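In: give me a 3D structure for the following:
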Amino acid sequence: MKEKSNEEILIHTKTSAGFNFKMRRAFESFKKNKTALFFSFVIVFLIFLAVFGRSITPYDPNMQQRNASHQGVSEKHWFGTDEHGRDILSRVIDGTRVSIFVGLFAVSISLFAGVLFGAIGGYYGGKIDNIIMRIMDVVLAIPSMLLAICLMAALGRGIDKAVIAIGIVSIPDYAMIIRGSMLSEKENDYVQAAKIMGVRDFFLIFRTILPNIASSIIVRGTLGVSSAILDVAGLGFLGLGVQPPNAEWGDMLGRSRNFMLIFPHEVFFPGVAIFVTVLAFNLFGDGLRDALDPRSEL
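Out: Predicted structure coming up:
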């Protein structure tokens, strides 16, 4: 047992050293991508708004003013007001918290489950892989938004239910990617040598192989945040996400769509917020993919 433990420690040390070297090289490559670097600062700003937005909003996001409904852009209300006289700028800032946190938590759920199922299925293969992949195929066969709506109908309305629903429908995307990477990685010589040495499967999967395919996990997770933000906006537009009077960009679009021709500012600013956020995560994810891809240097 002692000899096996030492072998595992040695393999883990070499794997960690290689992973750290890849991350340093990727960071240097990422800094050269000005577009991705710029949008990384945009993401940092959005996270700042998500954390501290409530303390910097010019008005209470949920404060209704009967005599101030449907006001246009002005010095007092930079983004105007909605049908209830609520300041749209304050609600857009406050809605950042919901979109960012829902995106991150939903991706965390799908990433954890997807990595677990994909790694186990790809490593062991056979019946285990067939069972897992057939379940993933069934989930993929149903349109993601339709499945999310069905889950919301079963779980009930609310942002916590939306996180669970969005997280579940995205699991197959991660499972397929991790499985494919695992199938190719487990055939490498270092994995075969570790098996011969008697290294435990759990250690080999989660401490040795996964760090070597971490780049695909990181990139897919980053791009998955933008998809989750779009999904929560879609659920909010349908009235299944955040419940009134709390602010959420998709809900703001849904409640203002009847006034879009008369008061276009009520749908313009939430729409721009969704567009900028999704674009930021997509271009940041593209930059990460290029930086973590060794072929990008060729």
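
In: tell me the centre residue of this structure?
Out: In the chain, the residue lying closest to the centroid (Cα atoms, centre = their mean) is residue 225, at 2.0 Å.

In: contacts only, for that residue.
Out: 103-104, 107, 281 (Cβ atoms under 8 Å, 6 or more residues apart in numbering). (Glycine included, C-beta is placed from N, CA and C.)

In: next one, pLDDT for it please.
Out: Note for residue 225: predicted pLDDT of 91.

In: next one: the one 4 residues further on
Out: As summarised for this prediction, residue 229 has a pLDDT of 91.

In: can you check the one 10 residues further on too?
Out: The predicted local confidence for residue 239 comes out at a pLDDT of 81.

In: cool, and residue 72?
Out: In this model, residue 72 carries a pLDDT of 85.

In: next, count neighbours for the closest residue to it other than its chain neighbours.
Out: Excluding the flanking residues, the one nearest residue 72 by Cβ to Cβ, 6 or more residues apart in numbering is residue 80, at 5.0 Å. Look at residue 80: counted by other Cβ atoms under 10 Å, it has 21 neighbours.

In: what does residue 218 give?
Out: 18.

In: what does residue 208 give?
Out: Neighbours around residue 208, by other Cβ under 10 Å: 20.

In: correct me if wrong, but the residue nearest to the centre of the chain is in a strand.
Out: No - the assignment for residue 225, made by DSSP: H, G, I helix; E, B strand; the rest coil, is helix rather than a strand.

In: which pLDDT value belongs to the closest residue to it other than its chain neighbours?
Out: Spatially, and ignoring its direct neighbours in sequence, residue 225 is nearest to residue 103 (4.3 Å; Cβ to Cβ, 6+ apart). Turning to residue 103, the model gives it a pLDDT of 89.

In: go through the helix or strand harbouring residue 103 and flag the buried ones.
Out: Remark: residue 103 resides in helix 88-124, with elements defined by DSSP states H and E. Buried residues in helix 88-124, counting neighbours by 16 or more other Cβ atoms under 10 Å, are found at 88-111, 113-123.

In: which helices and strands does it pack with?
Out: helix 34-56, helix 126-141, helix 159-169, helix 171-185, helix 214-237, helix 249-256, helix 265-292 (3 or more Cβ pairs under 8 Å, 6 or more residues apart in numbering; DSSP states H and E).

In: remind me which residues of the stretch 51-200 of the chain are low pLDDT?
Out: Under the criterion pLDDT under 70, no range of the stretch 51-200 of the chain is flagged.

In: so what's the residue count around the closest residue to residue 284 other than its chain neighbours?
Out: Leaving aside its sequence neighbours, residue 284 sits nearest to residue 39 (Cβ to Cβ, 6+ apart; 4.8 Å). When counting by other Cβ under 10 Å, one arrives at 21 neighbours for residue 39.

In: ok, now the one 3 residues further on?
Out: Counted with other Cβ under 10 Å, residues neighbouring residue 42 total 16.

In: surely it touches residue 273?
Out: No - if you go by Cβ atoms under 8 Å, residue 42 and residue 273 don't touch, sitting 11.7 Å apart.

In: tell me the angle the helix holding residue 103 makes with helix 159-169.
Out: The directions of helix 88-124 and helix 159-169 differ by 40 degrees, with axes from the mean of the first three to the mean of the last three Cα atoms, to 10 degrees as the criterion.

In: how far off centre is helix 88-124?
Out: 4 Å (Cα atoms, centre = their mean, to the nearest Å).

In: isn't residue 201 right up against residue 128?
Out: No - between residue 201 and residue 128 there is no contact under Cβ under 8 Å: 11.8 Å.

In: of all the helices and strands packed on helix 88-124, which lies closest to residue 27?
Out: With Cβ to Cβ, the closest approach to residue 27 among the helices and strands packed on helix 88-124 belongs to helix 265-292: 7.4 Å.

In: so what secondary structure elements neighbour that closest one?
Out: Checking 3+ Cβ pairs under 8 Å, 6+ apart, helix 265-292 ends up next to helix 2-31, helix 34-56, helix 88-124, helix 214-237, helix 249-256.

In: could you tell me the angle between the fourth one and helix 159-169?
Out: Read it as helix 214-237. 130 degrees.

In: cool, the shortest one as well?
Out: For the pair helix 249-256 and helix 159-169, the angle between their directions (the same axes, to 10 degrees) equals 110 degrees.
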